[in-house]
Every structure is written in C-alpha cells, then in structure tokens.
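S.K.: Predicted coordinates and the sequence they were generated for:
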Amino acid sequence: MLNLHNSVINTCKRLLKTGILALLLFTLSVGLSAAWWDFGGGTTTRESRLPQGDPITDGKALLRYALPIDNEPVRKIQRSLEDIANRLRGKRWSSVSSDIAAASRVLNISKSKLLAGVSESKQSEAEAIIEKLEQGIINIREVAEAKDGEQVLEQRAQLLALVGQLEELMLEGFPYEVSSEFANLPQLKGRATIEMETEKGSLTLVVDGYSAPITAGNFVDLVQRGFYDGLEFIRSEQSYVLQTGDPPGPEVGFIDPGSGEYRNIPLEILVKGDEEPIYSFTLEEIGRFREQPVLPFSAYGTVAMARPESENDGGSSQFFFFLFQPELTPAGVNLLDGRYTVFGYVVEGKKILEKLGKGDKIISAKVVAGLENLVEPEA
C-alpha cells in the first residue's frame, strides 16, 4: 500500500504542473489517513475569525485571530500590522507607512475602547501594554522611513506580540460549555505551550483549547504523562506530513492505564462564526464544505490529529505536522480543512521540521505554559 501511495503522490505532483490541482489534493487527503494503517500502528457568539482576503500562512497570526474576543479596535491594529509583511515583499514602502499610520490612528482614538475590553483587575496591565505599543509605533515608523526591511519586520514582530498579550487580557473564562458526553476525556480550557526536543533540535508548539478543547486536552495530557518521550516519527513525506505518536507494541494509540481501554478522540472542528465545535462529522458530510475552520491547514507546521479514513472518531495519540507548500497544498483550497482536527501550530523551530524524517526521535516533550488550563476527566 505504501509503494502504491507514493506512486500516486508522485504522479499527482506531475499532474499539478499541468494544472490538475484537485486530483492531487484528493490524493493527499486520502493518503493521510491511509498512513495510519500503513504504520500500524456558550451563550455569546464566537467572534474569532480570519480577515477576508488571501489565506494567512503564519501560525502565530492564525492563533491571534482564533482568540475568542470581540474588540474591533484591537483587531484593526492587528490587521494593519499583519499586512506589513505582505507590503514588504513587494517593497511597497508607501503602503507600509499607511499600515503603520492606520495602527497608530486606531491606537490613539480608541484607547478607551481597548481598555473597555479588559476587566478592571487587568486595567493597569493593559495600560502598560498600550504604552509599549505607542512607543513601538514610533520606533517602527522611524525604521520604515529609513526603508530598513529587516528592522521593520523585527519591530512588527514585537508589536504583534504586544497585541497578542492585550488580546489575551480580553479573555474572560471559557466561551462555551463542552458537552457532558466528553466528560471522560481531558480538556484544555485555554491554551498551552509545548516544548519538544527532538534529535534534530527543538520545536515550540502552541495548542489551542478554545478551538479544539478535547483534542488539545488529550495532547497536553499525553505530554504530561511522558507518552511522546522517545517515540519515533513514523512517516515523513516532503511537502506533506511528518507523523508520530504510535507507541511501541501492537496498539496504534493510547491505552488508558486507569480503565485499560483505548482512548478515542472525536473529530473536532470549530467553524468560523460558530459558538462551539462540530463533533464526529467532517464539514463535507454535513454540507458545510465551503465554510472555513477557525484553525485551517494554511501554515507550515500546522499540528493536527491523525485518524483512520473510515473512522472520524478514531484518533488517539498519533498526530502530524503539516508541511505546507503553496505549490502543492495551497491555503484555502486543500481538502484537509474540515476533514481533520487542527489543534495548534509550531511557532518556533520550523527549520527543525525540515530536518526531521522517518526514524528520528522525540527526546522529550514538556508543557512549559498553560498547564493550569488542563481539566482532568471526571472519575
């Protein structure tokens, strides 16, 4: 099956050059779940959404947009700063200056609205962040006037980090109730940061419980148990996926030592505009294939749950890094969106993903932030 699969992938890559994109995307989608067998192994409206326009290919940006907040001024500032990178690629310095001016204008005239989105107990912290943003705008304007592209990108990254901190201060509790049907599974009511040490270097992942609380909770729980320590990457395909999570022995997933049972994780997809995730069905199966998930397969280093093709709720411990390549899997067009659960992104160490291959090992994985958001299953 594996040789046949690789042959189909190669054929589809050749077909892509003549414009037959849909066939390749279908093959990639089916091939992902085939690899599972090959290796044996709320009352408020959800406001997290992506802006209209070209698909976003940066995991950090996707995570910022996925935060369930409703504060238009901070989103306007974010959008203006995010756009700068695209302007720089075309050396459109006048547009870069316009984006900086737009962010500055919103920051100056909407300070009260920004603070209104933060609880009273966090006001002083929010004010300090806004002061840093104001100074940062001055700094980035100066380097933009000097047309120093490298410094503009560095200053932009610092400003966006501050915007992310301000947005996180606007969060108040978890935005919806997870169904009691899943009370027997760990849940992540927020976000967590994972540092993964591999034989080729370190990766930093941010997993998002706001969009996929059960899948992210399962992953954080397994990391805490040391489940992934020492495991090999069982599948590696250039420009496609890097997969791991298959434990030694005949089992292909996690066996809960408490119950002795295989832990199944349901397919879990939050669609833009929905209050809570859809469970157990692909978007295609329920006629929503034209809609976009809050966490899409559009960034190199997307982290998603693997599962058998025929079992939507058959995931357990195996997951994969999506090695996004615009030529092969264009953002917003691929058929993986809505078929597999995305639950995070690699935010540091993407170059390490390029070096890892089948047989390389995870030395260790540790939760370095957000463990307090993990809710253990009910007894």
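M.R.: Structure's in. What do you need? Remember, predicted model here, so these are calculated numbers, not experimental data. Numbers count the residues shown, from 1 in each chain.
S.K.: For the rest of this, base every contact and every neighbour count on C-alpha atoms.
M.R.: Will do.
S.K.: for the lengthiest helix in the chain, which positions count as buried?
M.R.: For the chain, the longest helix by residue count, based on DSSP state H, is helix 123-145. By neighbour count on 16 or more other C-alpha atoms under 10 Å, the buried set for helix 123-145 is Ala126, Glu127, Ile129, Ile130, Leu133, Gly136, Ile137, Ile140, Arg141, Val143, Ala144.
S.K.: chain center to the helix or strand just after that helix, what's the gap?
M.R.: Downstream of helix 123-145, the next assigned helix or strand under DSSP states H and E is helix 149-169. In terms of C-alpha atoms, centre = their mean, to the nearest Å, the gap separating the centre of helix 149-169 from the centre of its chain is 18 Å.
S.K.: what's the answer for stretch 124-141, then?
M.R.: In terms of C-alpha atoms, centre = their mean, the centre of stretch 124-141 is found 27 Å from the chain centre.
S.K.: which outside residues touch it?
M.R.: 97, 100, 103-104, 107, 111, 115, 118, 151-152, 155-156, 158-159, 162-163, 165-166, 169 (C-alpha atoms under 8 Å, 6 or more residues apart in numbering).
S.K.: one step back: dump the buried residues of helix 123-145 to JSON lines, plus pLDDT and distance to Ser310.
M.R.: Formatted as JSON lines, those follow (pLDDT from 0 to 100; distance: C-alpha to C-alpha, whole Å):
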{"residue": "Ala126", "pLDDT": "97", "distance to Ser310": "48"}
{"residue": "Glu127", "pLDDT": "97", "distance to Ser310": "51"}
{"residue": "Ile129", "pLDDT": "98", "distance to Ser310": "48"}
{"residue": "Ile130", "pLDDT": "97", "distance to Ser310": "50"}
{"residue": "Leu133", "pLDDT": "98", "distance to Ser310": "49"}
{"residue": "Gly136", "pLDDT": "97", "distance to Ser310": "51"}
{"residue": "Ile137", "pLDDT": "97", "distance to Ser310": "51"}
{"residue": "Ile140", "pLDDT": "97", "distance to Ser310": "51"}
{"residue": "Arg141", "pLDDT": "97", "distance to Ser310": "53"}
{"residue": "Val143", "pLDDT": "96", "distance to Ser310": "54"}
{"residue": "Ala144", "pLDDT": "96", "distance to Ser310": "52"}
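S.K.: Present these as JSON lines; the columns should include distance to Leu185.
M.R.: Shown next, in JSON lines, are the buried residues of helix 123-145 (distance: C-alpha to C-alpha, whole Å):
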{"residue": "Ala126", "distance to Leu185": "35"}
{"residue": "Glu127", "distance to Leu185": "39"}
{"residue": "Ile129", "distance to Leu185": "37"}
{"residue": "Ile130", "distance to Leu185": "39"}
{"residue": "Leu133", "distance to Leu185": "40"}
{"residue": "Gly136", "distance to Leu185": "43"}
{"residue": "Ile137", "distance to Leu185": "44"}
{"residue": "Ile140", "distance to Leu185": "46"}
{"residue": "Arg141", "distance to Leu185": "49"}
{"residue": "Val143", "distance to Leu185": "50"}
{"residue": "Ala144", "distance to Leu185": "50"}
